[in-house]
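[1] Dropping a prediction and its sequence here:
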Amino acid sequence: MLFRFLFFLIILFPFKAFALIEVDITRGNLSPLPLAVSPLSIDSKSKEGFKKILNKKDVGSEISKIISNNLKQSGLFNPLNKDAFLQKPDIAHLKPRFEDWALIKAQALVTGKVSLIEGKLRVEFRLWDVLAGKEMMALAFTTVPNNWRRVGHIITDKVYERLTGEKGYFDTRIIYVAEEGPKVKRVKKLAIMDQDGYNNKYLTLGNELVLTPRFSPTNQMVTYLSYFRNMPRVYLLDIETGIQEVVGDFPGMTFAPRFSPDGKKIIMSFATDGNSDIYTMDLENRVVERITNHPSIDTSPSYSPDGKYITFNSDRSKYQQIYVMKNDGTNVKRISFGNGLYGTPVWSPRGDLIAFTKLHKGKFYIGVMRTDGSGERLLTENFYQEAPSWSPNGRVLIFYRETKTNSKGEGFSTKLWSIDLTGYNERLVETKTDASDPSWSSLLSN
Amino acid sequence: MELRKIFKNIFLVVVASLVLSACASSKKTTKIQGDVYTGSDTVEYLASGVPDRVFFATNETVLTTASRETLRKQAGWLRKNSKINVVLEGHADERGTREYNLAIGERRANSAKDYLMTYGISSNRISVISYGKERPVDSGSNPLSWSKNRRSVTVKAN
């Protein structure tokens, strides 16, 4: 309906031909846009070459599968089954027969071509508006063949951005805690994977308890809590080099770390003598600054994207509630006033919302509220779930959910889940082991 | 007619009191009082008659009367064994967010530490660690299991 209307506009105003398809992202997956991702065409010589390098029969169609899967997971698109495609990939990429694609109800079409040039992977792709019969976008990349999955994610980001008007979140990674073993004796390791679950890697061996890893906005560094030598302290880990170091020289437990938006500071809690307060440490000059000074528990700090404010969790009004203050610790204001307890506030990368965990009458909720506490909206309810982390475009939240055990204490599991800001499109994020404490990276490219 | 009604009422009263007494006795066997665990299945002993742990109510870090009694016994034992140092391990149940639970575990262990200190145990002999909800003793998802997990455990450090 919307589409036809836009098409009409284009005839009236031919110079506004750039706004062809638009996906209404405020409505979730109620009517995902049907589109076709044609397998990327590949010449036989390149095909043979990639078979040797990557051990993949047809890297072109593998990349198109990544794009299709990403778009489907977003809940905003309905990628059509390729068995229904009438046109061959190579011809479609040169000049699609739009009637054929309209016939299977595709409103947009992605085509492409993969080739092996001097040991490098070259990929070009085009995005077409089927009903308007126009090319919307064309791009080419050259990279090392091993990057083929990332190419699929980058193309998805471009397509998503062109069709929704917002940046994508597909060329990203998730760091999380992989869990194994009985509930009373869990083994936990840091793990990292692509946003779609591929390329899973463990970053620690499981010798010590590790919790709450969080990405730096620059992506090279992670901050987390480790019980190394049975001393719970905040650590910094360089993902590329594997080098770890303790953050600061505190005489007691440091925990709940996060980076500042510029990646230059770590904000965290320091607990001593039964009191937890919030501190920052500058990673360059190692200067430690105390931000809160209150006999209550102050924890789970998270900066606003401009770095000017901090939201945090405190029980200064007896039970856990969410507060906002200036980045120097002044102007503390409580913002959560609904029924129940509130924890784990985390500021949206767009700046307008704070996601949280809420406990009310024995149920746990993931929700969002405006930064002044108004407009509280609960997205999902369960036996136990917490720790939302935003996708870099502020559109999706990832969190973990634990199951209730039976009367014998069996059947415990913890998994990662994601949900749209709209409350639609709740999905299990598959991991090889049990998983908790997810943190979403920013976009790896650009 | 009247009589039958009376009998009926008596019967109901008897049934109701049976149900009530059943509740009361089951409450006794659950070993929770005001949300605090009062049983001993998970309790170990530092020495004969000296329990190693104290329990807390949900979201609370205040010591109960029973907890204070346990800690007085621990303080007496520590005074007699002046070369022994201890670690107080603070824990939370699984019904709270991870980071807040780390903080509340630390506060529970410190409640116990402060009490031992008022009974003459030097703070040099006591260290504190919080495990939050990471080290439950009972894997159940029910109020009894949770009450066993909300605890501060005194562990010999040497």
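    Happy to help now that I have it. Numbering: from 1, shown residues only, chains lettered A, B, ... in the order given.
[2] residues from chain B in reach of chain A?
    B:59, B:61, B:94-100, B:102-104, B:106-107, B:109-111, B:114, B:128-131, B:134-142, B:145 (CB under 8 Å from any CB of the partner chain). From N, CA and C alone the C-beta is placed, and that goes for glycine too.
[3] for the spatially most central residue of chain A, what are its contacts?
    Nearest residue to the geometric centre of chain A (CA atoms, centre = their mean): residue A:391, 3.3 Å. With CB atoms under 8 Å, 6 or more residues apart in numbering or on different chains as the criterion, the residues that contact residue A:391 are A:169, A:172, A:397, A:398, A:440.
[4] Now compare the residues you listed and name the two farthest from each other.
    The largest separation in the contacts of residue A:391, counting by CB to CB, is between A:172 and A:397 at 13.6 Å.
[5] So these two - more neighbours on which side?
    Set residue A:172 next to residue A:397 and count neighbours by other CB atoms under 10 Å in any protein chain shown: residue A:397 wins out with 25 against 22.
[6] ok, that one touching residue A:379?
    Yes: at 7.2 Å, residue A:397 and residue A:379 qualify as touching, with contact defined as CB atoms under 8 Å.
[7] For the stretch 151-300 of chain A, which residues are neighbours of chain B?
    Counting by CB under 8 Å from any CB, the stretch 151-300 of chain A sits next to chain B at A:182-184, A:186, A:209, A:211-212, A:225, A:230-232, A:252-253, A:255-256, A:269, A:271, A:273-276, A:297, A:299-300.
[8] Recalculate using a threshold of 10 Å.
    Residues of the stretch 151-300 of chain A lying close to chain B by CB under 10 Å from any CB of the partner chain are A:177, A:182-186, A:188, A:209, A:211-212, A:225, A:227, A:230-232, A:252-253, A:255-257, A:268-269, A:271-277, A:296-300.
[9] between the contacts of residue A:391, which is nearest residue B:46?
    residue A:398 (44.0 Å).
[10] How confident is the prediction for that closest one, by pLDDT?
    In this model, residue A:398 is scored at 98, pLDDT.
[11] Does it touch residue A:416 like I think?
    Yes: between residue A:398 and residue A:416 there is a contact at 6.0 Å, judged by CB atoms under 10 Å.
[12] shared neighbours of the two, which are they?
    By the contact definition CB atoms under 10 Å, 6 or more residues apart in numbering or on different chains, residue A:398 and residue A:416 are jointly contacted by A:174, A:176, A:387, A:389, A:427, A:429, A:438.
[13] which pair in these spans the largest distance?
    The span of those, defined through CB to CB, is set by A:387 and A:427 at 16.6 Å.
[14] Just want to know which of the two has more residues nearby.
    Legend: neighbour count by other CB under 10 Å for residue A:387 and residue A:427, higher for residue A:387 (26 against 15).
[15] hmm, back to that, give me the common contacts of residue A:397 and residue A:379.
    With CB under 10 Å, 6+ apart as the test, residue A:397 and residue A:379 both reach A:355, A:366, A:367, A:368, A:388, A:419, A:420, A:421.
[16] List the beta-bridge partners for the fourth one.
    Translated: residue A:368. residue A:355, residue A:377 (DSSP bridges).
[17] give me the low-pLDDT residue ranges for the chain?
    Using chain A. A:1-30, A:446 (pLDDT under 70).
[18] To clarify, I was referring to chain B.
    Within chain B, the ranges that satisfy pLDDT under 70 run B:1-30.
[19] Which residue lies nearest the spatial centre of it?
    Chain B has residue B:55 as the residue nearest its centroid, 2.1 Å off, counting by CA atoms, centre = their mean.
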